[in-house]
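K.L.:
return atomic coordinates for the entry below.
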Amino acid sequence: MQTVDITDFQKIDLRIGSIVKIEEFEKARNPSYKLWIDLGDLGIKKSSAQITALYLPEELIGKQVICVCNFKPRQIADFMSEVLVTGFDQEKGKVALATVDMTVPNGSKLH
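P.N.:
Below you'll find the model as predicted:
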């Protein structure tokens, strides 16, 4: 694994946001959801997330997730993904979302 210094880490804009809308992403190659995430001052941003194995849509509304906010937007089928929702492999094909253990203001930066 390559090591990085603090200036490399500081280049990544990691923020918390609340999922405010979700739809099944039928045109995606792998089972996915379309997410709309309230990132505070950054506004509502869209993301495609392959998290259908562990999460039902109704349990995601209001959930706070950690997002990479400064990647270039990525076209996925007919949907423009603007941020990357982060998570951890639970087992093959199952991603557990990276979140916080208490509510913090949307748009807060990870330090």
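
K.L.:
for the residue nearest the centre of the chain, which residues make a bridge with it?
P.N.:
Nearest to the geometric centre of the chain sits residue 85, at 1.5 Å (Cα atoms, centre = their mean). With beta bridges defined as DSSP bridges, residue 85 has these partners: residue 67.

K.L.:
isn't it right up against residue 97?
P.N.:
Yes - between residue 85 and residue 97 there is a contact at 6.8 Å, judged by Cβ atoms under 8 Å. C-betas here are computed from N, CA, C, even on glycine.

K.L.:
mutual contacts of these two, please.
P.N.:
51, 65 (Cβ atoms under 8 Å, 6 or more residues apart in numbering).

K.L.:
how about the strands in the chain?
P.N.:
For the chain, applying DSSP state E gives strands covering 14-24, 33-38, 44-49, 64-68, 74-76, 79-81, 84-85, 87-91, 94-97.

K.L.:
with just CA atoms, put the last one into PDB.
P.N.:
What follows is strand 94-97, C-alpha atoms only, in PDB (Å, rounded to 0.1, in the frame of the first residue of the first chain):
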ATOM      1  CA  LYS A  94     -22.500  -6.400   0.000                       C
ATOM      2  CA  VAL A  95     -21.500  -2.800   0.900                       C
ATOM      3  CA  ALA A  96     -22.200  -1.300   4.400                       C
ATOM      4  CA  LEU A  97     -22.500   2.400   4.200                       C
END
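
K.L.:
let me see the contact set for residue 30.
P.N.:
Residue 30 touches residue 50, counting by Cβ under 8 Å, 6+ apart.
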